[in-house]
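Undergrad: Quick one, fold the following:
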Amino acid sequence: MLGGLNMSLDKQALQQWVSTQIEDSPLICCASQMYLSPLAGDAGFRQYFRVNSTPPLLAVMAPKTDGTSESAGYFSDLSDFLRSQDIPAPLVFACDQERNYLLIENFGEFSLFDKISVNNVESLYGDALQTLLHLQQIPHSIFKWSVYTGDLLLQEMELLRQWFIGKLLGYSLSQQENQLLNRVFAFLSEQAISQPQVLVHRDYHSRNLMYREGQPSGVIDFQDAVWGPVTYDLASLLRDCYIRWTPKQVRHWVLKYRNMACARGIIAEVSEEQFIQWFDTIGLQRHLKVLGIFTRLSLRDGKHGYLQDLPLVIRYSLEVAENYPQTQAFSQWFKEVLLPRVEKLPWYTPYQLAGS
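TA: Purely as a prediction, here's the structure:
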């Protein structure tokens, strides 16, 4: 009951703040009494509210932070930076760093995930790939935020061991099994670091690209951006945790992207197979991390819907892992040891069919 009261008071405070911002801005108006309509949250702790304003806006309320990516000021600075580089990030109309409030441009209610189909995928993904190329052409010298270090890559994969294996499956790893994971994690981290490094959105997929009729897709949820591997965002988009395309389609798009990245000077000439290996291995790193993150979202944060997406993440992980000598033992072990435990869980569906 106390939590509900605090939520109500928080929303009232946010609504009062938004009302003040609208009154003070000649760029915003409301035809009637201003109100906030809650939207479904994302994987973070931010809360979103649609504002009945012209232009359409979103009010955002985030928990107090220590200056990390949940910070309103951090988001505002990064949005301003991306917009200065002609990336279609939302305009920030107002920011209260002390209370962690934001008033930002609303790109609409439909993401690429909502709109994409076999009939328009080439067009929509073509647009998304062009925006990604533009993002990757931003020089390192003007990007002042974090670097995707080997330690961070390893730390992310540890979520698999801690949350998916330990907490969800309740499985205790032997010394030999821990060493197997350590070898796989080290290999994937080394593969990531060896790639050309660019600006990485870090969650560039169909639900974070907002559909805008006749315009490039709006880019949201960029607050975890880092300087990192060139194929990371490409893998996020083409091996999306929420939608799957055929291996033939994915290979076509990956190699098309390689050619465009080479032509624009983002990367030096590299063989097709090397680029595919970069793409595969960073995708595997991401999906091992996601197995842990989606589990944590359910067990810690009560966001149980993410468990329904795990079979597709498992499918991606095993399909890639079985193709490389350095990860084949992991794939076999996962199938023999972990999969029988996963199959007993109520949300599980056969991973071989996930996304089909």
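Undergrad: List the buried residues for stretch 213-233?
TA: Neighbour counts over stretch 213-233 (16 or more other CB atoms under 10 Å) mark 216-233 as buried. (C-beta placed from N, C-alpha, C; glycine too.)
Undergrad: got it, and stretch 17-35?
TA: In stretch 17-35, counting by 16+ other CB under 10 Å, buried: 17-19, 21-22, 28, 30, 34.
Undergrad: now stretch 339-351
TA: Within stretch 339-351, the residues scored as buried using 16+ other CB under 10 Å are 342, 348, 351.
Undergrad: what separates that stretch from the chain centre, distance-wise?
TA: Chain-centre distance of stretch 339-351: 24 Å, with CA atoms, centre = their mean, to the nearest Å.
Undergrad: cool, stretch 178-195 as well?
TA: Distance, stretch centre to chain centre, for stretch 178-195: 21 Å (CA atoms, centre = their mean).
Undergrad: Kindly report the domain assignment for the protein.
TA: 9-105, 112-353 (automatic domain parsing).
Undergrad: mind checking the end-to-end distance for the last one?
TA: Here the two ends of domain 112-353 are set 23 Å apart, with distance taken as CA to CA, to the nearest Å.
Undergrad: For stretch 123-131, list every residue counted as buried.
TA: Neighbour count says stretch 123-131 has 124-125, 127-129, 131 buried, by 16+ other CB under 10 Å.
Undergrad: Now tabulate these in CSV and tack on pLDDT.
TA: Formatted as CSV, the buried residues of stretch 123-131 follow (pLDDT from 0 to 100):
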residue, pLDDT
Leu124, 96
Tyr125, 96
Asp127, 96
Ala128, 97
Leu129, 98
Thr131, 98
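Undergrad: Which of the residues you listed sits closest to Trp278?
TA: Proximity of the buried residues of stretch 123-131 to Trp278 (CB to CB) peaks at Leu129, which lies at 16.1 Å.
Undergrad: picking up where we left off before, the domains of the chain: lowest mean pLDDT?
TA: Of all the domains of the chain, mean pLDDT reaches its minimum on domain 9-105 (a mean of 85).
Undergrad: chain center to that domain, what's the gap?
TA: Using CA atoms, centre = their mean, the distance from the centre of domain 9-105 to the centre of the chain it belongs to is 20 Å.
Undergrad: got it, and stretch 247-263?
TA: Taking CA atoms, centre = their mean, one finds stretch 247-263 lying 21 Å from the centre of the chain it belongs to.
Undergrad: Please enumerate residues in contact with that stretch?
TA: If you take CB atoms under 8 Å, 6 or more residues apart in numbering as the criterion, stretch 247-263 is touched by 125, 129, 132-133, 136, 230, 234, 238-239, 245, 267-270, 272, 275-276, 279, 319.
Undergrad: those strands in this structure, which residues are they?
TA: Applying DSSP state E to the chain gives strands spanning 36-39, 47-51, 57-61, 92-96, 101-105, 197-200, 209-210, 218-219, 226-229.
Undergrad: Now do the buried residues in the fifth one.
TA: Going back to what we said before, that points to strand 101-105. Buried residues in strand 101-105, counted by 16+ other CB under 10 Å: 101-105.
Undergrad: same check, this time on the first one
TA: Neighbour counts using 16+ other CB under 10 Å place Leu36 of strand 36-39 among the buried residues.
Undergrad: same thing with the third one?
TA: Neighbour counts using 16+ other CB under 10 Å place 57-61 of strand 57-61 among the buried residues.
Undergrad: any chance of those in JSON lines, plus distance to Lys11?
TA: As requested, the buried residues of strand 57-61 are exported to JSON lines (distance: CB to CB, whole Å):
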{"residue": "Leu57", "distance to Lys11": "16"}
{"residue": "Leu58", "distance to Lys11": "14"}
{"residue": "Ala59", "distance to Lys11": "9"}
{"residue": "Val60", "distance to Lys11": "12"}
{"residue": "Met61", "distance to Lys11": "8"}
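Undergrad: ok, those residues vs Val313, which is closest?
TA: Val60 (27.5 Å).
Undergrad: I'd assumed Glu105 was in contact with the closest one.
TA: No: the criterion here is CB atoms under 8 Å, and Val60 misses it with Glu105 at 11.2 Å.
Undergrad: got the strands of the chain as JSON lines, with distance to Lys303 columns?
TA: Shown next, in JSON lines, are the strands of the chain (distance: least, CB to CB, whole Å):
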{"stretch": "strand 36-39", "distance to Lys303": "14"}
{"stretch": "strand 47-51", "distance to Lys303": "13"}
{"stretch": "strand 57-61", "distance to Lys303": "17"}
{"stretch": "strand 92-96", "distance to Lys303": "26"}
{"stretch": "strand 101-105", "distance to Lys303": "21"}
{"stretch": "strand 197-200", "distance to Lys303": "24"}
{"stretch": "strand 209-210", "distance to Lys303": "21"}
{"stretch": "strand 218-219", "distance to Lys303": "23"}
{"stretch": "strand 226-229", "distance to Lys303": "24"}
